[in-house]
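Visitor: no FASTA, just this:
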């Protein structure tokens, strides 16, 4: 038996910021959808995930939170990039991994992905299609440099110049080209007890 919990955006009651299902029989919480609500610090993904964790901690018999990571980031209002792959390429772990959500194969993923992102970008077969490849750049350094060249990616601004749009599209292409070389299971669980 499932109990559904839906949190809507304050000023837009048809936009669900968070959709949870609480499994009453098996005592776990499933995050079905999590989206930014853009209502200050309380609407950020980090804040929403904290609220899910607080809910789980307030239910003593519940010891896990489960989800399927389909996260993405939208750059320049229209360019959608897989957030899990972007974070693995730049930080070595997905955004959900950094919040304590792991797959059964997480240890193997970390070993594989860290080896990959610390390798030289020019040695990756797909890299021949990327401009401005430096022979000293690791995969991680190259992708991070592209991300840092898009100021709106690291701010609340969604307005982009034409140069930023070009870089955002380039970042999307790079992430999509490198993603098949990553190891990542998007079925994740966080143990709360």
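Guide: Thanks, I have the structure now. Source: prediction; values computed, not measured.
Visitor: how much space between the closest residue in space to residue 109 that isn't next to it in sequence and residue 11?
Guide: Leaving out its chain neighbours, the residue that sits closest to residue 109 by Cβ to Cβ, 6 or more residues apart in numbering is residue 183, at 4.6 Å. Where you see a C-beta, it was placed from the backbone N, CA and C, and this is true even at glycine. Using Cβ to Cβ, to the nearest Å, we find residue 183 at a distance of 41 Å from residue 11.
Visitor: Comparing the two, which residue is more hemmed in?
Guide: residue 183 (16 against 9; other Cβ atoms under 10 Å).
Visitor: For residue 122, give me its contacts.
Guide: Going by Cβ atoms under 8 Å, 6 or more residues apart in numbering, residue 122 touches 133, 134, 135, 137.
Visitor: Let's see that with 10 Å instead.
Guide: When contacts are counted by Cβ atoms under 10 Å, 6 or more residues apart in numbering, residue 122 touches 128, 130, 133, 134, 135, 136, 137, 139, 142.
Visitor: So which elements touch the longest helix along the chain?
Guide: Of all the segments assigned as helix in the chain under DSSP state H, the longest by residue count is helix 162-178. When contacts are defined as 3 or more Cβ pairs under 10 Å, 6 or more residues apart in numbering; DSSP states H and E, helix 162-178 sits against strand 72-75, strand 79-82, helix 83-91, helix 139-148.
Visitor: Give me the contacts around the second one.
Guide: Which is strand 79-82. By Cβ under 10 Å, 6+ apart, strand 79-82 touches 69-75, 88-89, 94, 147, 150, 153, 160, 164-165, 167-176, 179, 182, 184, 186.
Visitor: longest strand of the protein?
Guide: What stands out as the longest strand in the chain, according to DSSP state E, is strand 12-23.
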